[in-house]
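Asker: Sequence below, structure please.
(one chain, ligands or ions: 1)
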Amino acid sequence: MLDFEDKVLRVRNLSKQFGEGCELCRHDKGVLEKNHCPHCKTIYACRDISFDLYKGEILGVVGESGSGKSTFVKCLYFDQDVTAGEAYVTDYKEGKANMFDETSQQKRYLRDYLLGMVYQNPYLGLKMDFTTISNIAEKLIAAGGRNVVGMIERADELLDVVSIEKFRRKDAPKSFSGGMQQRVQIAKALSNNPPILFLDEVTTGLDLSVQAAVLDMIKVIQRDLQISMIVVSHDLGVIRMLADRTMVMLDGVVIEEGLTDQILEDPQHAYTQQLVHSLL
Ligand SMILES: Nc1ncnc2c1ncn2[C@@H]1O[C@H](COP(=O)(O)OP(=O)(O)OP(=O)(O)O)[C@@H](O)[C@H]1O
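Answerer: A predicted model of the protein is given here:
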């Protein structure tokens, strides 16, 4: 049974809109067509998303393109500002400070010490012209690392974890395959031991066999390091393989959530039923 004490992240009513809204949509979300207002064209990308993330669990977020998954995870990593909502990290100010209200310096601290992100597009997470080792060192330096030998040792250790061969470690990621780039991103995101890691469509676009290898690796890392993860994917197959619990998003709203097995065996919402059916 999960305990209240085991929560690492608490999110309440996370909302993100693109546009100001108008008299019609601001007060009555019933006027929306899917996720947008037909009158003023404001897009309500995420609406009132609330959940808890527990220590050592993988929470899956699944939904079709445009359902708001990336916006949701970008808000949590401060790549985008929320329109409204609260989020509390247990390891930060005893879980009492709404991280969305913090200063940019405090948000940088949260990113450097407590949160990690692996992007779908490795160009967003890596400096493609730097060596692989210095990509990892960059994150360690941001988190206060000054001991060069220590940082190189740490980078080596992490590149072992993600199976990047020793002779490639001084190469720049631009010379790597897509699967290798994702593995370097994962090593970089793990470098400061964050208790919480976000992964956004990390295997999309990879060959099936490479995809399977990256997913296996994520599972092993999560088991060995007991990191809590939020895994975002349009692919229920990925979520089935990784996630303990799942939230299903449609048009910016969480329409269903529960244990992944439960959702797969007994989906309640028509959209979830369709998703599950497509897996069969
Ligand atoms: N910067 C932006 N400006 C305006 N609208 C945006 C912006 N970013 C996202 N949106 C809109 O927000 C909605 C959710 O987009 P989001 O990228 O979060 O969806 P998604 O589920 O991650 O889809 P995909 O996997 O295709 O990226 C979409 O309607 C999208 O057009």
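Asker: hey, let's count contacts and neighbours off CA atoms from now on
Answerer: Will do.
Asker: quick one: low-confidence parts of the chain?
Answerer: 1-5 (pLDDT under 70).
Asker: now do 90
Answerer: Flagging of the chain using pLDDT under 90 yields the residue ranges 1-5, 27-29, 142-146, 161, 166, 192-193, 204-211, 214, 222-225, 278-280.
Asker: ok, the nearest residue in space to residue 275 that is not next to it in sequence to residue 254 distance?
Answerer: Excluding its sequence neighbours, the residue lying closest to residue 275 (CA to CA, 6 or more residues apart in numbering) is residue 236, at 7.1 Å. Taking CA to CA, to the nearest Å as the criterion, residue 236 is separated from residue 254 by 15 Å.
Asker: Looking at these two, which has the bigger crowd around it?
Answerer: Taking other CA atoms under 10 Å, residue 236 and residue 254 do not tie; residue 236 has more neighbours (25 against 22).
Asker: Give the phi and psi angles for that one, as a check.
Answerer: With angles defined as degrees, to the nearest 10, residue 236 sits at phi -60, psi -20.
Asker: From the ligand, how far out is it?
Answerer: 13 Å (CA to the nearest ligand atom, to the nearest Å).
Asker: how about stretch 55-75: buried residues?
Answerer: 55-64, 67-75 (16 or more other CA atoms under 10 Å).
Asker: Same question for stretch 272-280.
Answerer: Taking 16+ other CA under 10 Å as the criterion, stretch 272-280 shows 272, 275, 276 as buried.
Asker: quick one: contacts of that stretch?
Answerer: 236, 237, 248, 256, 263, 264, 267 (CA atoms under 8 Å, 6 or more residues apart in numbering).
Asker: residues near the third one, how many?
Answerer: Okay, so that is residue 248. 24.
Asker: Quick check: residues of the chain near the ligand?
Answerer: Counting by CA under 6 Å from any ligand atom, the positions of the chain adjacent to the ligand are 18, 45, 64, 65, 66, 67, 68, 69, 70, 71.
Asker: Who are the packing partners of the host helix or strand of residue 47?
Answerer: According to DSSP states H and E, residue 47 maps onto strand 43-54. Judged by 3 or more CA pairs under 8 Å, 6 or more residues apart in numbering; DSSP states H and E, strand 43-54 is in contact with strand 7-18, helix 69-76, strand 253-259.
Asker: show me the contacts for residue 32.
Answerer: Per CA under 8 Å, 6+ apart, neighbours of residue 32: 25, 38.
Asker: go on, residue 64?
Answerer: Counted by CA under 8 Å, 6+ apart, residue 64 has contacts 234, 249, 250.
Asker: I'd guessed the last one sits against residue 69; true?
Answerer: The reference is to residue 250. No: with contacts defined as CA atoms under 8 Å, residue 250 does not count as touching residue 69, sitting 9.1 Å away.
Asker: shared neighbours of those two, which are they?
Answerer: residue 63.
Asker: What's the local residue count around residue 43?
Answerer: Neighbours of residue 43 (other CA under 10 Å): 21.
Asker: The closest residue to it other than its chain neighbours: neighbour count?
Answerer: Once flanking residues are discounted, residue 43 sits nearest to residue 36: 4.3 Å by CA to CA, 6+ apart. When neighbours are counted by other CA under 10 Å, residue 36 registers 22.
Asker: which residues does residue 36 bridge with?
Answerer: residue 33, residue 43 (DSSP bridges).
Asker: Report how many residues lie close to residue 164.
Answerer: Residues contacting residue 164 under the criterion other CA under 10 Å number 18.
Asker: Quick check: the closest residue to it other than its chain neighbours vs the ligand, distance?
Answerer: Closest residue to residue 164 apart from its sequence neighbours, by CA to CA, 6+ apart: residue 180 at 7.2 Å. Between residue 180 and the ligand the distance is 21 Å, computed by CA to the nearest ligand atom.
Asker: Surely residue 180 and residue 165 touch.
Answerer: No: Residue 180 is beyond contact range of residue 165, at 10.1 Å (criterion: CA under 8 Å).
Asker: Those two: which is more packed in?
Answerer: residue 180 (18 against 10).
Asker: And the helices and strands packed on strand 43-54: which comes nearest residue 129?
Answerer: helix 69-76 (24.3 Å; CA to CA).
Asker: Which elements pack onto that closest one?
Answerer: Using 3+ CA pairs under 8 Å, 6+ apart: helix 69-76 touches strand 7-18, strand 43-54, strand 196-200, strand 228-233.
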